[in-house]
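> Let's see this in three dimensions:
(3 chains)
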Amino acid sequence: MAKPKVATTSLCGCFGCHMSLLDIDDRILKLVELVDFDRSPINDIKKIEGQVDIGLIEGGCCNEENLAVLHEFRKHCKILISVGDCATNGGIPAMRNMVPLGECYEEAFLNGPTVVNPTGRIPDDPEIPLLLDKVYPCHEAVKIDYHLPGCPPSADTLWAALVALLEGREPELPYELLKYD
Amino acid sequence: MNTEAITFTIDGKKIEARRGDTILEAADRAGVYIPRLCWMKELLPAGVCRVCTVRVNGRPQAACTQPAAAGMVVENDTEELRQLRRDLIDMLFVEGNHFCMFCERSGNCELQALAYRFGITAPKYPFLFPRRSVDASHPDVLADGNRCIRCGRCVRASRALDGKSVFGFTGRGPQKRLAFNGPNLAATDVAAPDHAIAACPTGTLIVKRVGYKVPIGRRLYDHSPIGSEIEPPAPEK
Amino acid sequence: MSANLQEAIGPVCESFGHDRTRLLDILLAVQQRLGGIDDRAIDAVAAELAIPRVDVAGVVSFYTFLAPKTRGQLVIRLCNDLPDLMMGAEEVAAGLEAELGIRFGETTPDGRFTLEWASCIGMSDQAPAALFGDVVVPRLTPGTARRLVAELRQQPPGADLHRLLVRAYGDGANAHDLVRAAVENNLRQAGEVIFAQAEPDAGLSKALAMSPAEVIREVKTARLRGRGGAGFPTGMKWEFVRAADGPQRYLICNADEGEPGTFKDRVILTERPDLLFEGMTIAGYAIGAEHGILYLRGEYAYLRAYLEHVLARRREKGLLGKSVLGKPGFNFDIRIQMGAGAYICGEETALISSCEGLRGDPKNRPPFPAQRGYLGHPTSVNNVETLCCVPRIIQRGSGWFASIGSRRSTGTKCLSISGDCTRRGVYELPLGTTLRDVLARCGGEDAVAVQVGGPSGRLVGPEAFDREICFDDLATGGSLVVFGPGRDPLWVASQYMAFFIHESCGYCTPCRVGNVLLKERVDRILAGRGEPEDLDYLRALATTVKTASRCGLGQTSPNPVLSVLDNFRPACEARLKEPFEGRQTGFDIAAKLAEAQRLTGRKSVHFDA
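All right, here's what the predicted structure looks like:
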């Protein structure tokens, strides 16, 4: 029987949750025995081929590209998990939700202390993804099956949840593994 | 008269109470935890958060304000009420801007602790991301409106325990806001040792320069859920 | 500057004896003098009364008619309740905005005009209507609204606006010198109890010849139930108050009708004020109160001078004051407490808070008002219509009253009928009348839905038209809004939720947050972005709000949503979409990208065709 496939991505996040995944120490060897990795920054595969059993999403949804990637993951993952506070509630990037979007753009491209922008215009380069009006948790954009909060969720939390899912159980976290910080 | 004992039941368990006790007080004494947020032992109960909602002879009532009466049948730890409390906690999370990851109160926050106790991994409601203000004008105390849940504990504590009136509320409905007895916090007579500051269940009122003092792992709710100070220890894990 | 302020505020506080519990009156008077209540005025009032400024600011910001900032000299409040919206309030609003060059919520640069929305000003039968200051201007069109404002602009500041705004007086006492209102009573059907011709104060004379206990017994035998909607037996309430310990007791008349679509108390106050005061006096006698308070909603301020005049006349006649009608030991007088634009103050404990000069937050129960109410004294709070029934019961006997209506719902009910019908107005009908009968009377036979009892009531469809208006079937505080073909029940629910969000006091979690969340999801479905699971979500959320809320507002505010789910489910289901590829249907990508597209001037790489 083929090993279950796992895909991961980081949307509007800091890769801290991926670091936490790597932080499972020697259990990572066991993990590699248990699963195959599809699209993930860990192996630099850029596109999901076929169906994946478990998708892990780090980061919230901040721009059109995040949203496109999230849609791809939702379409290809049987189980999709929001990993970390950014994915579950927007996290630190969501602090911009209290600032009008125009001011965010102006600070980033016109007025910020480190900005050098001789055009004096907000760039219209398609390489710079359009921002959503706010940073959204992933479950407001697509259906999410499970949430693993934490900033980042601890390695033990990630391990416990993954093992549970691989064993066909619900990933219910014991008290000490459910943390928002 | 006041010492007259009465009995009633919570989830079938017989509870002894003194006349004049609220359901919540009697439950606490009997080691039955009824989740609560706006309640504080030293203050008059206010019935704000509704997290302590129980069913009394079938009718929903706030346990913190409802007097215990002989023979009443109280439901507390039922699936319906657990769900209701989860909903209320979710509402408080989406109503404000709760960034636990950098909040000084994280680990000691009662709102967060309740969410942990109820196993909430993400709120079911959409985040409202309101615009709220932060008042850092005072040299020793910070007020971050993003984290305020309108429980009014500071309002009551300032008056009842500190003999001041530092806090109040302005506006109504979703626009109800924590307000200060002056144009800003620095213009009030608030002081860091005030009971009102310690009364805040979230990170709204924070004493400056002592944040993150307790390391992760040793904070109030790192290992044991809120309410375990009331419940007798479970016989086994 | 501040000396001027103190000069203005000192005497006002003095006139109320520096009594903190009269804060609402003090603030209304200060606002009258200064045109608004800014931070310095708040400081001055707080200093004068020696109370925390945050408490003053808390009260000012609670009531919509008190302005934390100085508004324009004339505040125009256009009513945005459902009947007004159905009759074109939005077009009138556009006309006002165009004429004044400002949006709603703004003040003209010259400081003369402010435009605001008002929740319900009790003129649904002559909508769209607006308050220009205290002056009611009903039956507006975009054209008349623009013309009025254009003419007002030509007037020097401080000119008497009455003559300009009120071209023709309404009927009955609306034309009285102290009212001078363009308001029409539209009394379509007078019943046997409230609007029947009756000998003035015959009930009071008879009551004073009885013992208070006998009066209460008569009211109980008549099986009179509170007309505010909840239907609590009036006699029983009075008995509780009478039995409660305390050196003083209070009677409060709740004239704060505020549910969108209700206006029958306005007509009673205009046409039957003596009957009301007679009823209050009998109630005072029955419960052993010396003080009565009429809590008059701020929207009806134009009736105040007239009502004061009626009270003065009654004092002259010995119907109020010391030894009423010569009855030794029975002293009773009535003061009018003005409200200031807060629907929640119709809730009896919030109303008491408001009378005490506090924010209009409901109080925790127990203690109930009958035990500890106004200023801690046993208090009976009764509805206008309820109190008007009392003199008639005493005069004609409980048997007569109980013979009207049905067995458990005796007497008549005054209904305020508005919306899509040809004969809008007030109907006094025996309780137990079917909805179908009511619709036939008011010319609303082709209704597709009727909101019974205001928003906290029920929105019902034709299958319910044979049900009866009474306490045990379709209970109502008195408002019926008729929706004709083409009206959308979901839109109705959305509008009602907007009303509740605006009117929630914000004290408890479920009502403060839950109503916002309910509206969000209703609007999602309305916009065609709902999915099947949203219906279960709405029901669960509505149930939580109803179960956990602290007072009647939150306990009933989800009813419009539940009504739609129960009675108009196909209308909801028709708009739902199945989710596509696991995406949230409600996540409106185009809307969320629109601003960035505008700011950057480019299309989306991923989401534009």
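
> Identify the residues contacting the helix or strand harbouring C:I9?
Using DSSP states H and E, the element containing C:I9 is helix C:2-15. Helix C:2-15 is contacted from outside by C:26, C:29-30, C:33-34, C:40-41, C:44-45, C:48-49, using C-beta atoms under 8 Å, 6 or more residues apart in numbering or on different chains. C-beta here means a position set from N, CA and C on the backbone, and glycine is covered the same way.

> residues near C:Y169, how many?
17 (other C-beta atoms under 10 Å in any protein chain shown).

> Tell me where chain A is predicted with low confidence.
Scanning chain A for pLDDT under 70 picks out the ranges A:1.

> Show me what from it comes close to chain B.
With C-beta under 8 Å from any C-beta of the partner chain as the criterion, chain A comes near chain B at residues A:82, A:85, A:88-92, A:94-95, A:97-98, A:134, A:136-137, A:139-140, A:144, A:146-149, A:151, A:172-173, A:175-176, A:178-181.

> quick revisit: go through the contacts of helix C:2-15 and name the one nearest chain A.
C:R40 (29.7 Å; C-beta to the nearest C-beta).

> Distance of the closest one relative to A:G150?
In this view, C:R40 and A:G150 are 49 Å apart by C-beta to C-beta, to the nearest Å.

> who's more crowded, the two?
For C:R40 and A:G150, the more surrounded residue by other C-beta under 10 Å is A:G150, and the numbers stand at 25 against 13.

> those helices in chain B, which residues are they?
With helices called from DSSP state H, chain B shows them at B:23-29, B:79-95, B:110-117, B:153-160, B:195-198.

> Throw the ones you listed into CSV and include mean neighbour count and mean pLDDT, thanks.
CSV is the format used below for these (neighbours: other C-beta atoms under 10 Å in any protein chain shown; pLDDT from 0 to 100):
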stretch, mean neighbour count, mean pLDDT
helix B:23-29, 22, 98
helix B:79-95, 21, 98
helix B:110-117, 24, 98
helix B:153-160, 23, 98
helix B:195-198, 21, 98
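
> coming back round to it: can you flag which of the contacts of helix C:2-15 belong to helices?
Under the assignment DSSP H, these contribute C:26, C:29-30, C:33-34, C:40-41, C:44-45, C:48-49 to helices.

> Is it possible to mark the buried ones in those residues?
By neighbour count, with 16 or more other C-beta atoms under 10 Å in any protein chain shown, the ones in helices among the contacts of helix C:2-15 hold C:26, C:29-30, C:34, C:41, C:44-45, C:48-49 as buried.

> Buried ones among the residues of chain A next to chain B?
Among the residues of chain A next to chain B, the ones that count as buried by 16+ other C-beta under 10 Å are A:82, A:85, A:88-92, A:94, A:97, A:134, A:136-137, A:139-140, A:144, A:146-149, A:151, A:173, A:178-181.

> What are the structural domain limits within chain C?
C:2-62, C:74-167, C:215-402, C:419-483, C:489-573 (automatic domain parsing).

> what do you get for chain B?
Split by automatic domain parsing, chain B gives B:7-77, B:85-207.

> I'd like to know which residues of chain B are adjacent to chain A.
Residues of chain B lying near chain A by C-beta under 8 Å from any C-beta: B:93, B:97-103, B:106-107, B:112, B:115-117, B:119, B:121-123, B:126-127, B:129-132, B:146, B:216, B:222-225.

> The same query, at a cut-off of 7 Å, please.
Residues of chain B lying close to chain A (C-beta under 7 Å from any C-beta of the partner chain) are B:97, B:99-101, B:106-107, B:112, B:116, B:119, B:121-122, B:126-127, B:129, B:131, B:223, B:225.

> Apart from its neighbours in sequence, what residue is nearest C:Q126?
Counting by C-beta to C-beta, 6 or more residues apart in numbering or on different chains, the nearest residue to C:Q126 once its immediate chain neighbours are dropped is C:P138, at 3.7 Å.

> oh sorry, the question was meant for C:E503
Spatial nearest neighbour of C:E503, excluding adjacent residues (C-beta to C-beta, 6+ apart): C:Y343 at 3.9 Å.

> and chain C, which residues reach chain A?
Residues of chain C lying near chain A (C-beta under 7 Å from any C-beta): C:579, C:581-584, C:587, C:589, C:592-593, C:595-597, C:599-602, C:604-607.

> Quick one: residues in contact with stretch C:324-334.
Contacts with stretch C:324-334, where a contact means C-beta atoms under 7 Å, 6 or more residues apart in numbering or on different chains, come from C:204-205, C:208, C:277, C:280-281, C:284-285, C:289-292, C:294, C:311, C:318-323.

> got the CA positions of it in PDB?
Extracted in PDB, the C-alpha atoms of stretch C:324-334 (Å, rounded to 0.1, in the frame of the first residue of the first chain):
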ATOM      1  CA  VAL C 324     -57.100  63.400  45.300                       C
ATOM      2  CA  LEU C 325     -60.800  64.100  44.800                       C
ATOM      3  CA  GLY C 326     -60.900  64.900  48.500                       C
ATOM      4  CA  LYS C 327     -59.900  61.400  49.500                       C
ATOM      5  CA  PRO C 328     -58.000  61.900  52.700                       C
ATOM      6  CA  GLY C 329     -54.600  60.400  52.800                       C
ATOM      7  CA  PHE C 330     -54.400  59.700  49.100                       C
ATOM      8  CA  ASN C 331     -51.800  62.000  47.600                       C
ATOM      9  CA  PHE C 332     -50.600  61.300  44.100                       C
ATOM     10  CA  ASP C 333     -48.900  63.300  41.400                       C
ATOM     11  CA  ILE C 334     -47.300  62.600  38.100                       C
END
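
> which of the residues in that stretch are buried?
Buried positions in stretch C:324-334, judged by neighbour count with 16+ other C-beta under 10 Å: C:324-325, C:327, C:330, C:332-334.

> rewinding a little: would you format the contacts of helix C:2-15 as JSON lines with distance to C:V179 and pLDDT included?
Compiled in JSON lines, the contacts of helix C:2-15 are given as follows (distance: C-beta to C-beta, whole Å; pLDDT from 0 to 100):
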{"residue": "C:I26", "distance to C:V179": "26", "pLDDT": "97"}
{"residue": "C:A29", "distance to C:V179": "21", "pLDDT": "95"}
{"residue": "C:V30", "distance to C:V179": "25", "pLDDT": "94"}
{"residue": "C:R33", "distance to C:V179": "24", "pLDDT": "89"}
{"residue": "C:L34", "distance to C:V179": "26", "pLDDT": "87"}
{"residue": "C:R40", "distance to C:V179": "35", "pLDDT": "93"}
{"residue": "C:A41", "distance to C:V179": "30", "pLDDT": "94"}
{"residue": "C:A44", "distance to C:V179": "34", "pLDDT": "95"}
{"residue": "C:V45", "distance to C:V179": "31", "pLDDT": "97"}
{"residue": "C:E48", "distance to C:V179": "33", "pLDDT": "96"}
{"residue": "C:L49", "distance to C:V179": "33", "pLDDT": "97"}
